[in-house]
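I'd like to go over a predicted model; first the sequence, then the structure.
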Amino acid sequence: MRAGFPCKLLFVCFFSFLFLLVVIVHQDAPRTLQLGLLAAPRAEPVSAEQLQGSPIFQWRGTEEEKAGDSMPVPVPSHPPASTRHPLQVIYPYSYHFLLNEPDKCRERAPFLVLLVVTEPKDIQVRNAIRQTWGNESAVPGVSMVRLFLTGVHPHYGSPLQRLLEEESALHRDIIQQDFLDTYNNLTLKTLMGMEWVSRHCPNASYVMKADSDVFLNVGFLVQELLQPQLPPKKDFMTGYIYRNTGPLRSKAYKWYVPREVYPNDTYPPYCGGPGYVLSGDLAKKVYGVAQTLRVINMEDSFMGICLYELGVSVTDSPWGLFNVGWLEYEKCRFSKLVVVHHFGPTDLLRVWPDFQGGNKTCPS
């Protein structure tokens, strides 16, 4: 027992020394050791230049919520590539037109410009739209211009590009810039359309942005909603309006928006992406203000952000004209609608002859 005493004493002294060493290090370098883990490095301060272009707003549904809100902390306008979130849209940027139709509005200013979002491979879809609601002569006496918006296919860019160029030479209705054609770049497609209107068709009365999988009743839109016999509206945008909504933070959703891309909890009011219409003057303003903002990967929500920055409100339309969901086709029902979502080319070609035919009288 007595022979083992020096060993025990040495053991206790050794661990006492280690304990004192840890205490000294902790005091000399505070916050570097936390439960055995290194603390994260402190972020660099954000400069005033980096903060420019960051929308700072918070929308809530009730006054009670507004009273308890605090302004969100803005994030840098353009983080370095090494820290940029993969979903962050790069804009403004000098994207180049690979296909363009700069002379479409040279002879006369159209009443309506149709901007249809498509993918490079959607040849069948574009042909179906040309034969149906995208026909530029669909409304007698009303000048219309149809354009398909597209980017570059992320995997089959070169082989599809040759086909796209042939299609463009035949129909003269495709515009394309050199960004990747992905779901998260839909905002870039719409901004390309706004840029085209601003540069090549600034005197258009109205602009309609539509997805390619919709049924669009252009006649009803023009005659009943836009009314060409009246002076064009100004600062006008309408569609299916979303209010008091916010970004989805779960990666399980197709519409996932991380806080690194959009830090606020709510969006300003905006029109649903399947189809909305805006005045020509507002299209130019949207393109201008977009150069000063952080662009997000939700195209329709970003349009609402642009309107907010411009101090313009969305305009309510009669309920039910713009449908973001599918409806079963019935001629008289569809004759009083503007947009119905989820209509592919096969369905569109199937119902269009009946919709255009005069074999059924609908109640007024």
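Done, it's in.

those helices in the stretch 151-300 of the chain, which residues are they?
Ranges of helices in the stretch 151-300 of the chain, per DSSP state H, counting those that start in this stretch, are 157-171, 186-200, 218-220, 280-290, 299-310.

how far off helix 186-200 does the fourth one point, in degrees?
What that stands for is helix 280-290. If you take axes from the mean of the first three to the mean of the last three CA atoms, to 10 degrees, helix 280-290 sits at 120 degrees to helix 186-200.

And the helices of the stretch 151-300 of the chain: which comes nearest H341?
helix 299-310 (12.4 Å; CB to CB). Yep, even glycine has a C-beta here, placed from its N, CA and C like the rest.

Name the nearest residue to Y262, sequence neighbours excluded.
I296 (4.8 Å; CB to CB, 6 or more residues apart in numbering).

To V145, which of the helices of the stretch 151-300 of the chain lies closest?
With CB to CB, the closest approach to V145 among the helices of the stretch 151-300 of the chain belongs to helix 186-200: 9.6 Å.

State the number of residues packed around the residue nearest to Y262.
Per other CB atoms under 10 Å, the neighbour tally for I296 reads 22.

Over to R106?
Applying other CB under 10 Å, we find 9 residues neighbouring R106.

Next: C332.
C332, neighbours per other CB under 10 Å, totals 10.

and if you look at Y91?
The number of residues packed near Y91 is 20, by other CB under 10 Å.

try P140
6.

any idea of the pLDDT on it?
If you check P140, the pLDDT there is 93.

any idea whether it is helix, strand or coil?
When classified by DSSP: H, G, I helix; E, B strand; the rest coil, P140 comes out as coil.

so what's the residue nearest to Y262 up against?
Taking CB atoms under 8 Å, 6 or more residues apart in numbering, we find I296 in contact with V89, T187, V257, V261, Y262, F302, I305.

Same question for L278.
Residues near L278 by CB under 8 Å, 6+ apart: Y206, V207, K209, F236, M237, T238, V286.

What separation do you get for the first one and S250?
Per CB to CB, to the nearest Å, Y206 is found 37 Å from S250.

now the helices of the stretch 151-300 of the chain as CSV including mean pLDDT and mean neighbour count?
Shown next, in CSV, are the helices of the stretch 151-300 of the chain (pLDDT from 0 to 100; neighbours: other CB atoms under 10 Å):
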stretch, mean pLDDT, mean neighbour count
helix 157-171, 95, 14
helix 186-200, 98, 22
helix 218-220, 96, 19
helix 280-290, 98, 21
helix 299-310, 97, 22
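
what would those look like in JSON lines with distance to P353?
Output for the helices of the stretch 151-300 of the chain, formatted as JSON lines (distance: least, CB to CB, whole Å):
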{"stretch": "helix 157-171", "distance to P353": "22"}
{"stretch": "helix 186-200", "distance to P353": "30"}
{"stretch": "helix 218-220", "distance to P353": "15"}
{"stretch": "helix 280-290", "distance to P353": "32"}
{"stretch": "helix 299-310", "distance to P353": "32"}
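
Among these, which comes closest to L147?
helix 186-200 (7.0 Å).

between the closest one and helix 299-310, how many degrees?
Here helix 186-200 runs at 50 degrees with respect to helix 299-310, directions being taken by the same axes, to 10 degrees.

how far out from the middle of the chain is helix 186-200?
12 Å (CA atoms, centre = their mean, to the nearest Å).

just checking, what packs against it?
Counting contacts by 3 or more CB pairs under 8 Å, 6 or more residues apart in numbering; DSSP states H and E, helix 186-200 is packed against strand 112-117, strand 144-152, strand 174-180, strand 206-211, helix 280-290, helix 299-310.

follow-up on the earlier one: of all the helices of the stretch 151-300 of the chain, which lies closest to D316?
In terms of CB to CB, the element of the helices of the stretch 151-300 of the chain nearest to D316 is helix 299-310, at 13.7 Å.

Can you give the contact residues for that closest one?
Here helix 299-310 makes contact (CB under 8 Å, 6+ apart) with 55, 57, 186-187, 189-190, 235, 237, 242, 247, 257, 267-273, 276, 282, 285-286, 289-290, 292-293, 295-296, 313-314.

can you tell me which of these are in strands?
Secondary structure from DSSP state E places M237, Y242, Y270, C271, G272, G273, Y276 of the contacts of helix 299-310 in strands.

give me the number of residues near the last one?
Close neighbours of Y276, defined as other CB under 10 Å, add up to 24.

could you list every residue that touches the nearest residue to it once chain neighbours are set aside?
Using CB to CB, 6+ apart and skipping the chain neighbours, the partner closest in space to Y276 is G239 (3.0 Å). For G239, the contact set (CB under 8 Å, 6+ apart) comprises C271, G272, G275, Y276, V277, V314, S317, F322, V339.

in stretch 91-100, what counts as buried?
Buried residues in stretch 91-100, defined by neighbour count with 16 or more other CB atoms under 10 Å: Y91, Y95, L98, L99, N100.

what's the distance between the fourth one and A109?
Between L99 and A109 the distance, using CB to CB, works out to 22 Å.

Need the pLDDT of K254.
Note on K254: pLDDT of 89.

Test for you: state the pLDDT assigned to the closest residue to it other than its chain neighbours.
Of all residues not flanking K254 in the chain, Y183 sits nearest, at 7.1 Å (CB to CB, 6+ apart). On the pLDDT scale, Y183 is placed at 93.
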